[in-house]
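Novice: Structure for the following, please:
(2 chains)
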Amino acid sequence: MTAEAPTKVVGKALKRREDPQLISGQGSFIDDIKLAGMLHAVVVRSPYAHARIKSINTARALARSGVVAVFTGEDMMDINPLPCAWQAAAGRIQNNLNTPRALAVGEVHFAGDAVALVVAEDRYIARDAADLVDVEYEPLGVVVDARKATEPGAPQLHENAPNNIVFEWECGDAARTDAAFSTADVVVGEEIINQRLLPTPMETRGAIGRYEPSTGEYTLWTTSQAPHVMRLLLTAFVFGIPEPKLRVISPNVGGGFGQKIFCYNDMAFTLWASKKLGGRPVKFVEDRSENYKYSTAGRDHITDVEIAGTRDGKISGLRIKTHANLGAYISTIAPGIPTTLYGRIATGVYKIPAAHCKVWGVYTNTAMVDAYRGAGRPEASYLIERMIDRFAAEIGMDPAEVRRRNFIQPEDFPYDNGMGLLPYDSGNYEPALNKALAMIGYDDFRKQQAEARAKGRYLGIGLSSYVEICGVAPSAWIGLPGEGWGAGLWESANVRVHLTGQVVVTTGSLPHGQGLETTFAQLVADELGVPYENVVVEHSDTAGTPFGYGTYGSRSAAVGGTALVKSAMKIKEKARRLAAHMLEASVDDVVFEDGKAFVKGSPDNSKSIGEIALQASVAYSLPEGMEPFLDETTYYDPPNCTFPFGTHIAIVEVDRDTGMVDLQRYVAVDDVGTVINPLIVDGQLHGGIAQGVAQALYERAVYDDNGQLVSGTLMDYAVPVASMLPSYETGRTVTPSPVNPMGVKGAGEAGTIASAQAVMNAVVDALSPFGIKHLQMPATSERVWAAMHGK
Amino acid sequence: MALLMHPANNGVLQAEGHTLVRFCWQHIEEVSKVSTITVTVNGKTYTNDVEPRTLLVHYLREHLNLTGTHIGCDTSQCGACVVHVNGQSVKSCTMLAVQADGASVTTIEGIAPAGELHPLQEGFWECHGLQCGYCTPGMIMAAADLLQHNPSPSDDEIRHGLEGNLCRCTGYHNIVRAVQYAAAKMRGEEVSA
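Specialist: Just a heads-up that it's a prediction; the model follows:
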């Protein structure tokens, strides 16, 4: 029996198998889940950014009909604070020092800090009763700015952190960099602020905790990008119970963008409260204002940056000093973001002989700051790309030419940038730049720009050539002995071929919009030579999937995908050996190609994977020593990260009378290595670009001096709507990664990492006739108008 | 402060795009009694007792178990909760369930006959107009209203027509394509993604 080999699907723009349920309203997001006897929890939050809690009186709330319980932080002292899993800066941060507790005890450190928990029969009653909890506060001094927080006399958040400093960290070569600057022809410096952003997944965060008194087992449904890690952190660190006592399930997750990686207090208090209340499930779902006040924010750097070089356009030095705001407590991986994922990639796509980056991580009376799409790399890329343009303007050279003269060249790979990073895996930067320039019509644009200026219209073009770090691993580098991540960063996958020939993949990675069910099925279908429809991908539940560190950092294809391809390879090898037995041939003579095994040169007499799987399953006749069933697992720890790159170009027009910036065109040429599904990759890039454009033009989280989040709702925080964004013109170059067998790099964050500076470089280019050399983000019309008119 | 954080978007409520309802949470709480409403949802008629303060979105999700209509904000910005009330698109978080008494409501679950896809659902699937899928039901319901009023919109008209809906995943590029796909299909033209 021979069947036609199924068509190859890797590289095909298959529409997603995730979609049918989502487009018909049949998804199951956290707030859609209803369990028998479920209670609803609402958090009482501090209105003060810094205060001592003098007293909490729950009597009025408890008296409200329908209220089941009211808890305070003192009640939950039998569980530990949430752990920090990334102890950057050479282990100087203890893993549970100044991390949040389920509810605050004694003091609150930011407006929105959790003070009490009301549990009631329905959410309306719980919310009513939350207003009836009487808390008496003694307000304390407040500081929200990371640099001011380190100055003498600033209010102190934690006794053990003098001057509010979480850590001091550096990378690169300070002495060599100082020497480069002291002999440089040209030095340009700038204070660059990378403003705080609110990640804003459209679904807020939430958790349902359920305790089973008869077995002592807990189940947690939660909006998580990393359910296995949540199980580990909650059992080993917070509750001190055996890991198997907790099962964590991520249902459909409505966007993450980093905010849903972390361990949050609601995971702990819903589980704790369910146990306390005899096993009734307890649901907590944030409203948007709570998401903005309490869940993690992103970016928030204040940086002094200097670049040194020659008049003929060669960069000779880069010096960076950054104050990174980490908020009131240390979030799960917060210390790793402005260090490993920022300073180490600060030199970007350029050969810079001397560079140094110093970072102070700082506590302030604001919500915690942690990874947000791009996580450190957008901040790094923004700095270097803004400064390249600043330098180009200073020496009067075309910014594209300055980029060309300093690019790392194809023969330089693997490339060590001198910042303590693993070597860049592969790259070819100039073709991507040239393609982007051609797509936008760079030379023509410069003519149009000159003509427009003569007529009093201000057009600008902005380039951004970027490189970023994806597929973060290997564990030995990222882990405690190296970068301070408190575990490994491998991924795992199991592939089974059932008796019916159906293939079931279980993976520790999980999608929340990335379409992994589709792309993972594509990879396995091609590797095994089975129809795409015959591959099922199971994920997101710690029961039934092998351990995984989760989906973030654009790592699921490169790390999780490789784990499952390697499992499929093992399946093929076992199938080949079994086929040799079935064909009564020598194993050495049998090959496995396109879903069937045959003796070399005799493809007509073959055994299909389905026939082999049947034989393996019934096990009537197996080679001596072979176990039944085709079932293979891989734990894959890559030898290196992957380094996608590309060039993005934006064209803007600035209105002189209003300061309004019109983003007219956006071209993106990205090299993300091998593309598994172009429809999905382009979609990832579009969304990423939108978030970077939003940072450049619209979004900014603002705290007032009292620590109140002024941009505390979607009415005040400017997430762009469709009319505020352009269409994206996308192109590609393909430079496969040598790190994994598929050659994939990663596409989830590239758009965000590349885009803010493309837009800002265009805005500053448009404003150059006004003598403007730099503008802080976001380039709102007010800010642009003020700059143009010298206000 | 606490009032601002209320899920019910305390303060100014806007229903059906023009009726302004101002109500105060505490007062409602004091007078809270149960009202009986009859609403036809996706062609089926329901009679339920609800508190007068119950939002339409909570009625649909909690009482009728139609959880395809989502909630993404507390200030009527995001549009994840858009449904049709008497044929018009409405943010169901800006309307009380009691205001829907006697009305006919269509949600994402009822936009197409069982087992079929509405051209917009098909367009969103074909053109990769969704990623996490959270905004999608509201986006589709808003787009359906748009196409009802303008069967041949320009890209710009689509972008402006969907200004009441936020998507954080797609950057809108493929949503515009999806709506164009549906528009062409609904005009009876040949379509391709």
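Novice: Next, count neighbours for the residue of the stretch 1-150 of chain A found nearest chain B.
Specialist: Of all residues in the stretch 1-150 of chain A, the one sitting closest to chain B is A:G25 (1.9 Å; C-beta to the nearest C-beta). Just so you know, the C-beta spots here come from the backbone N, C-alpha and C atoms, and that holds for glycine as well. The number of residues packed near A:G25 is 23, by other C-beta atoms under 10 Å in any protein chain shown.
Novice: Please state the backbone phi and psi of it?
Specialist: phi 70, psi 20 (degrees, to the nearest 10).
Novice: Can you tell me the SS state at the nearest residue to it once chain neighbours are set aside?
Specialist: In space, and not counting its chain neighbours, A:G25 is closest to B:G68: 1.9 Å by C-beta to C-beta, 6 or more residues apart in numbering or on different chains. Here B:G68 is coil, with the state taken from DSSP: H, G, I helix; E, B strand; the rest coil.
Novice: So what are the sheet partners of the helix or strand A:W360 falls within and their directions?
Specialist: Secondary-structure assignment from DSSP states H and E places A:W360 in strand A:355-363. Neighbouring strands of strand A:355-363 in its sheet, by DSSP bridges, are strand A:165-172 (antiparallel), strand A:315-327 (parallel).
Novice: starting at the chain centroid, how far to it?
Specialist: Its chain's average C-alpha position is 21 Å from that of strand A:355-363, according to C-alpha atoms, centre = their mean, to the nearest Å.
Novice: ok, now stretch A:257-271?
Specialist: Here the centre of stretch A:257-271 is set off from its chain's centre by 15 Å, with C-alpha atoms, centre = their mean.
Novice: Now do the buried residues in that stretch.
Specialist: A:257-271 (16 or more other C-beta atoms under 10 Å in any protein chain shown).
Novice: Near chain B, list only the ones from those residues.
Specialist: Contacts with chain B within the buried residues of stretch A:257-271, counted by C-beta under 8 Å from any C-beta of the partner chain: A:F257.
Novice: Please list all residues in contact with the residue nearest to A:G25.
Specialist: A:S24, A:G25, A:Q26, A:G27, B:T107, B:I108, B:E109, B:P137 (C-beta atoms under 8 Å, 6 or more residues apart in numbering or on different chains).
Novice: Now, of the residues you listed, which are buried?
Specialist: Taking 16+ other C-beta under 10 Å as the criterion, what is buried in these is A:S24, A:G25, A:Q26, A:G27, B:T107, B:I108, B:E109, B:P137.
Novice: Out of these, which two are the most distant from each other?
Specialist: Spatially, the most separated pair among these is A:G27 and B:T107, at 13.3 Å (C-beta to C-beta).
Novice: and A:E74, how many neighbours does it have?
Specialist: 11.
Novice: before we move on, what SS does it have?
Specialist: Applying three-state DSSP: A:E74 is helix.
Novice: Next one: it relative to B:K185, how far apart?
Specialist: The gap separating A:E74 from B:K185 is 61 Å, by C-beta to C-beta, to the nearest Å.
Novice: Low-confidence regions, the chain specifically.
Specialist: Looking at chain A here, since you left the chain open. A:1-4, A:89-96 (pLDDT under 70).
Novice: try again with chain B
Specialist: Applying pLDDT under 70 to chain B picks out residues B:1-32.
Novice: from it, which residue is nearest to chain A?
Specialist: Closest point on chain B to chain A, by C-beta to the nearest C-beta, is B:G68, at 1.9 Å.
Novice: so how far is A:V497 from the residue nearest to the spatial centre of chain B?
Specialist: Nearest residue to the geometric centre of chain B (C-alpha atoms, centre = their mean): B:V82, 1.0 Å. Here B:V82 is placed at a distance of 44 Å from A:V497 (C-beta to C-beta).
Novice: do the same with A:A354
Specialist: Distance, A:A354 to A:V497, using C-beta to C-beta: 55 Å.
Novice: With neighbour numbers in mind, choose between the two.
Specialist: A:V497 (28 against 23).
Novice: so the more buried one bridges to which residues?
Specialist: Bridge pairing for A:V497 - DSSP bridges - gives A:V503, A:L630.
Novice: roughly how far apart are it and A:N706?
Specialist: A:V497 sits 62 Å away from A:N706, going by C-beta to C-beta.
Novice: and what of A:P644?
Specialist: 42 Å.
Novice: more neighbours, those two?
Specialist: A:P644 (29 against 14).
Novice: list the contacts for the nearest residue to A:S250 once chain neighbours are set aside?
Specialist: Of all residues not flanking A:S250 in the chain, A:S540 sits nearest, at 4.3 Å (C-beta to C-beta, 6+ apart). For A:S540, the contacting residues are A:P227, A:I249, A:S250, A:P251, A:L510, by C-beta under 8 Å, 6+ apart.
Novice: Contacts only, for the last one.
Specialist: With contacts defined as C-beta under 8 Å, 6+ apart, the neighbours of A:L510 are A:Q225, A:P227, A:S250, A:V253, A:L516, A:H539, A:S540, A:G548, A:G550, A:T551.
Novice: If we use 6 Å, what do you get?
Specialist: Counting by C-beta atoms under 6 Å, 6 or more residues apart in numbering or on different chains, A:L510 makes contact with A:S250, A:H539, A:S540, A:T551.
Novice: A:S602 sits in which helix or strand?
Specialist: Using DSSP H and E, no helix or strand contains A:S602.
Novice: Quick check: the gap between it and chain B.
Specialist: 42 Å (C-beta to the nearest C-beta, to the nearest Å).
Novice: check which helix or strand covers A:S567.
Specialist: helix A:562-582.
Novice: Chain B contacts on the stretch 51-200 of chain A?
Specialist: Counting by C-beta under 6 Å from any C-beta of the partner chain, the positions of the stretch 51-200 of chain A adjacent to chain B are A:D128, A:D131, A:T200.
Novice: By neighbour count, which of the residues you listed wins?
Specialist: Going by other C-beta under 10 Å, A:T200 tops those with 25 neighbours.
Novice: Can you tell me the SS state at it?
Specialist: coil.
Novice: same check, this time on the one 4 residues further on
Specialist: Local secondary structure at A:T204 is given as coil here, using three-state DSSP.
Novice: so it sits right up against A:E290, yeah?
Specialist: No - applying C-beta atoms under 6 Å as the test, A:T204 and A:E290 come out as separate, 7.2 Å apart.
Novice: These two: who's more crowded?
Specialist: Each of A:T204 and A:E290 had its neighbours counted (other C-beta under 10 Å), and the higher figure belongs to A:T204 (28 against 23).
Novice: quick one: the more buried one from A:V497, how far?
Specialist: 40 Å.
Novice: and residue 146, how many neighbours?
Specialist: Since no chain was named, I'll use chain A. 26.
Novice: that's the wrong chain, I wanted chain B
Specialist: Neighbours of B:L146 using other C-beta under 10 Å come to 21.
Novice: what sits against it?
Specialist: Taking C-beta under 6 Å, 6+ apart, we find B:L146 in contact with B:G161.
Novice: Wasn't it part of a strand?
Specialist: No - per three-state DSSP, B:L146 lies outside any strand segment and is helix.
Novice: quick one: it and A:A722, what's the gap?
Specialist: 11 Å.
Novice: again, but for A:R17
Specialist: Distance from A:R17 to A:A722, by C-beta to C-beta: 26 Å.
Novice: Name the residue in those two with the higher neighbour count.
Specialist: Between A:R17 and A:A722, counting by other C-beta under 10 Å, A:A722 is the more crowded of the two (26 against 16).
Novice: how close does that one sit to chain B?
Specialist: When A:A722 is compared with chain B (using C-beta to the nearest C-beta), they lie 4 Å apart.
Novice: Show me what from the stretch 451-600 of chain A comes close to chain B.
Specialist: Going by C-beta under 6 Å from any C-beta, the residues of the stretch 451-600 of chain A near chain B are A:H512, A:G513.
Novice: got the residue ranges for the helices in the stretch 451-600 of chain A?
Specialist: A:475-478, A:516-528, A:562-582 (DSSP state H, counting those that start in this stretch).
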